[in-house]
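Enquirer: test case, fold it:
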Amino acid sequence: PVASTLLGLSTMPTNHPLYVGYLGMHGNYGPNVLTNSCDVLIAIGMRFDDRVTGNVAKYAKQAKVVHIELDKAEINKIVKADVAVHADAKEALKALLPLINENKHAEWHRRFTEAARVENEKVIQFDYYPLEKSLRMGEVIRELGELTKGESVIVTDVGQHQMVTSRYYPFRKTRSNITSGGAGTMGFALPAAMGAAMAVPNRQVIAIIGDGGFQMTVQELGTIMQYQIPVKIIVLNNNFLGMVRQWQQLDYGGRYSHSYMDALPDFVKLAEAYGHVGIRVDKPGDVEGALREAFNRKNDLVFLDFQVDQTENVYPMVQGGKGLTDMILSAEDL
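Expert: Below is the predicted model of the structure:
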């Protein structure tokens with residue numbers, strides 16, 4: 001039987017029965033490694049960038065590739081398509097579905113279930129419920145997801161917080177994960193959250209930002225206050241350009257260069273100077289209470305500064321030049 005892996009659907013609600021996680025450098029273990037085992041790979045509206053493929057020379061060589069893409073320039077640019085469909089994704093899928101016979105593929109799904117179990121055992125449980133006393137990003141996002149029931153519009157900037165949010169926020173609605181993706185546009189989140197809040201005033205919009213990216217558009221705190229744009233702002237603050245620090249640690253033997261920021265302003269005082277309510281959290285036990293206070297103050301503009309572990313890395317990870325099956329699940333795999 002033909003087993004297919006559907007790609008390019010990372011903004012799909014996570015309660016969909018066939019959604020098994022997302023792909024890429026910090027994606028989920030099963031979808032990544034099993035991409036190199038599938039018979040047919042259906043890529044919908046994706047460009048096969050290096051954040052998804054890892055080493056292209058090792059990417060899905062066993063698979064027949066069906067690439068559905070509106071931008072003709074992306075077809076056969078990086079990965080050769082066995083079947084190239086230059087079309088709008090919705091129209092192409094409507095035409096494709098009547099031609100597919102229903103199959104169960106129980107063994108194929110079991111492999112995803114087993115991979116998810118391994119990832120949970122090695123990674124997720126420690127991010128959600130850390131053994132150490134320091135605050136971790138995964139714990140903040142878990143508490144946020146539980147409080148908002150996964151129904152908020154989440155806008156992320158660029159870096160470790162972006163990866164952790166994509167991994168752990170339980171998105172329940174489409175058009176809820178707003179990010180600059182592989183473009184890596186630091187400073188994106190705050191102005192983008194303003195636009196999202198004005199576009200969908202009936203939904204709660206939350207900006208999740210790193211301490212580096214936040215400083216690039218911090219002045220928009222004034223715009224948010226002036227126009228009373230109801231955005232809740234969360235900064236996951238580790239005093240580092242976190243993603244850069246992680247690469248310098250893992251790929252360059254801990255030779256850190258210009259990734260530590262020892263001259264950060266007091267973000268809470270800065271937010272208060274712009275008229276926002278400022279809350280600082282540095283203990284795991286205070287996360288839920290701080291988030292509840294922020295969301296109970298419906299008419300206030302609230303800024304939360306979470307002082308997270310400075311040494312925390314985001315796993316799983318595909319290092320530069322490696323293939324998807326070389327994915328490392330934790331520091332123990334290095």
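Enquirer: tally of neighbours for Ser180?
Expert: Neighbourhood size, Ser180 [other C-beta atoms under 10 Å]: 18. Using the backbone N, CA and C atoms, a C-beta is placed for each residue, glycine as well.
Enquirer: now do Ala183
Expert: 8.
Enquirer: hey, where'd the helices end up in the stretch 201-334 of the chain?
Expert: Ranges of helices within the stretch 201-334 of the chain are 211-214, 220-226, 242-251, 267-273, 287-296, based on DSSP state H, counting those that start in this stretch.
Enquirer: nearest to Tyr59, of those?
Expert: Tyr59 sits nearest to helix 242-251 of all the helices of the stretch 201-334 of the chain, at 20.0 Å, using C-beta to C-beta.
Enquirer: so which residues make contact with that closest one?
Expert: For helix 242-251, contacts defined as C-beta atoms under 8 Å, 6 or more residues apart in numbering pick out 158-161, 163, 210, 212, 254-260, 312-314, 317, 319-320, 334.
Enquirer: now those: which count as buried?
Expert: Buried by 16 or more other C-beta atoms under 10 Å: Val158, Gly159, Gln160, His161, Met163, Gly210, Gly212, Ser259, Glu312, Asn313, Val314, Met317, out of these.
Enquirer: please identify the buried residues of the lengthiest helix in the chain?
Expert: Scanning the chain for the longest helix, with DSSP state H as the assignment, gives helix 106-119. In terms of neighbour count (16+ other C-beta under 10 Å), helix 106-119 has its buried residues at Trp108, Arg111, Phe112, Ala115, Ala116, Glu119.
Enquirer: so where's the stretch 151-300 of the chain shaky on pLDDT?
Expert: Counting by pLDDT under 70, the stretch 151-300 of the chain contains no low-confidence range.
Enquirer: would you map the strands across it?
Expert: Along the stretch 151-300 of the chain, counting by DSSP state E, counting those that start in this stretch, strands occupy 153-156, 177-178, 205-210, 231-237, 277-281.
Enquirer: distance between the first one and the chain's centre?
Expert: This means strand 153-156. Centroid displacement of strand 153-156 relative to its chain, using C-alpha atoms, centre = their mean, to the nearest Å, is 10 Å.
Enquirer: what packs against that strand?
Expert: Packing partners of strand 153-156 (3 or more C-beta pairs under 8 Å, 6 or more residues apart in numbering; DSSP states H and E): helix 160-168, strand 177-178, helix 189-199, strand 205-210.
Enquirer: now the last one
Expert: In this structure, strand 277-281 packs against helix 267-273, helix 287-296, strand 302-307, with contacts taken as 3+ C-beta pairs under 8 Å, 6+ apart.
Enquirer: mind listing what's buried in stretch 58-68?
Expert: For stretch 58-68, burial by neighbour count (16+ other C-beta under 10 Å) applies to Tyr59, Ala60, Ala63, Val65, Val66, His67, Ile68.
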